[in-house]
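Student: sequence-free structure coming up:
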Ligand SMILES: [Ca+2]
């Protein structure tokens, strides 16, 4: 069922599965489209990101208009192959002007790093599994403190939640995905991504 067939659903702001070329994404570091393996979650291609320590390997796309308030949903699939330890890996950024980013970290548990709120974010108890595709959906309610929230849903189950946040710094105007940052202590890493959707209403998994 397509999104436009879901009763009451609004059209997504953005949806892309890395088919054909990287366009409309811009490469920043070691990213490219790949036919796999692993087999794509949909279509014939995925995003391949490979980074060393203290590096970025990410695809970036600007949204048509910034999201300045209310719920913002971002859904993506991730595949982290085994063979390296995950200690400081960031895999998604919700960008606002002035590098005021909210970052989905997996270090090694899923969580939030934020440059907007003085609390800095937090971390849950769930680490992304290895050698399998995992559906991850962020719900960020974009508001000034104390009305901002951040939730991470993994395969449809709530993996972490933070409320009382400041999540507004001008509005979310760009999404970046892949290895948005590998920390200085992170071993060289590979992350595959696919099926990215940005929406004002819940997206769900394929
Ligand atoms: Ca795809």
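Tutor: Now that the structure is in, tell me what you want to look at. Since the structure is predicted, the reported quantities are computational estimates derived from the model, not experimental observations. Residues are numbered from 1 along each chain as shown.

Student: neighbouring strands of the helix or strand of the chain with the lowest mean pLDDT in the sheet, and parallel or not?
Tutor: Of all helical and strand segments in the chain, the minimum by mean pLDDT, DSSP states H and E falls on strand 121-123, at a mean of 91. With DSSP bridges as the test, strand 121-123 is paired with strand 110-114 (antiparallel).

Student: which residues touch the partner strand?
Tutor: 90, 101-105, 120-124, 126-128, 136, 150, 152, 154, 159-160, 162, 165, 167 (C-beta atoms under 8 Å, 6 or more residues apart in numbering). Where C-beta positions appear, they are placed from N, C-alpha and C, glycine not excepted.

Student: in it, what's buried?
Tutor: Buried positions in strand 110-114, judged by neighbour count with 16 or more other C-beta atoms under 10 Å: 110, 111, 112, 113, 114.

Student: kindly report the same for stretch 54-64.
Tutor: 55, 56, 57, 58, 59, 60, 61, 63.

Student: inside strands: which ones of those residues?
Tutor: 55, 56, 57, 58, 59, 60, 61, 63 (DSSP state E).

Student: could those residues go into CSV alongside pLDDT?
Tutor: Converted to CSV, these look like this (pLDDT from 0 to 100):
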residue, pLDDT
55, 97
56, 98
57, 98
58, 98
59, 98
60, 98
61, 98
63, 95
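
Student: which ones are touching the residue nearest the centre of the chain?
Tutor: In the chain, the residue lying closest to the centroid (C-alpha atoms, centre = their mean) is residue 92, at 3.1 Å. Contacts here follow C-beta under 8 Å, 6+ apart; on that basis residue 92 touches 74, 76, 103, 104, 136, 138, 175, 176, 177, 180.

Student: just how off-centre is the helix or strand that contains it within its chain?
Tutor: Using DSSP states H and E, the element containing residue 92 is strand 89-95. From the chain centre to the centre of strand 89-95 is a distance of 5 Å (C-alpha atoms, centre = their mean, to the nearest Å).

Student: buried residues in the helix or strand following it, which are they?
Tutor: Where DSSP H and E defines the elements, the next helix or strand beyond strand 89-95 is strand 102-106. Neighbour-count burial for strand 102-106, counted by 16+ other C-beta under 10 Å, picks out 102, 103, 104, 105, 106.

Student: and the second one, what pLDDT?
Tutor: The one in question is residue 103. Note on residue 103: pLDDT of 97.

Student: picking that back up, farthest-apart pair in the ones in strands among the buried residues of stretch 54-64, please.
Tutor: Using C-beta to C-beta, these reach their maximum pairwise distance at 55 and 63, which is 25.1 Å.
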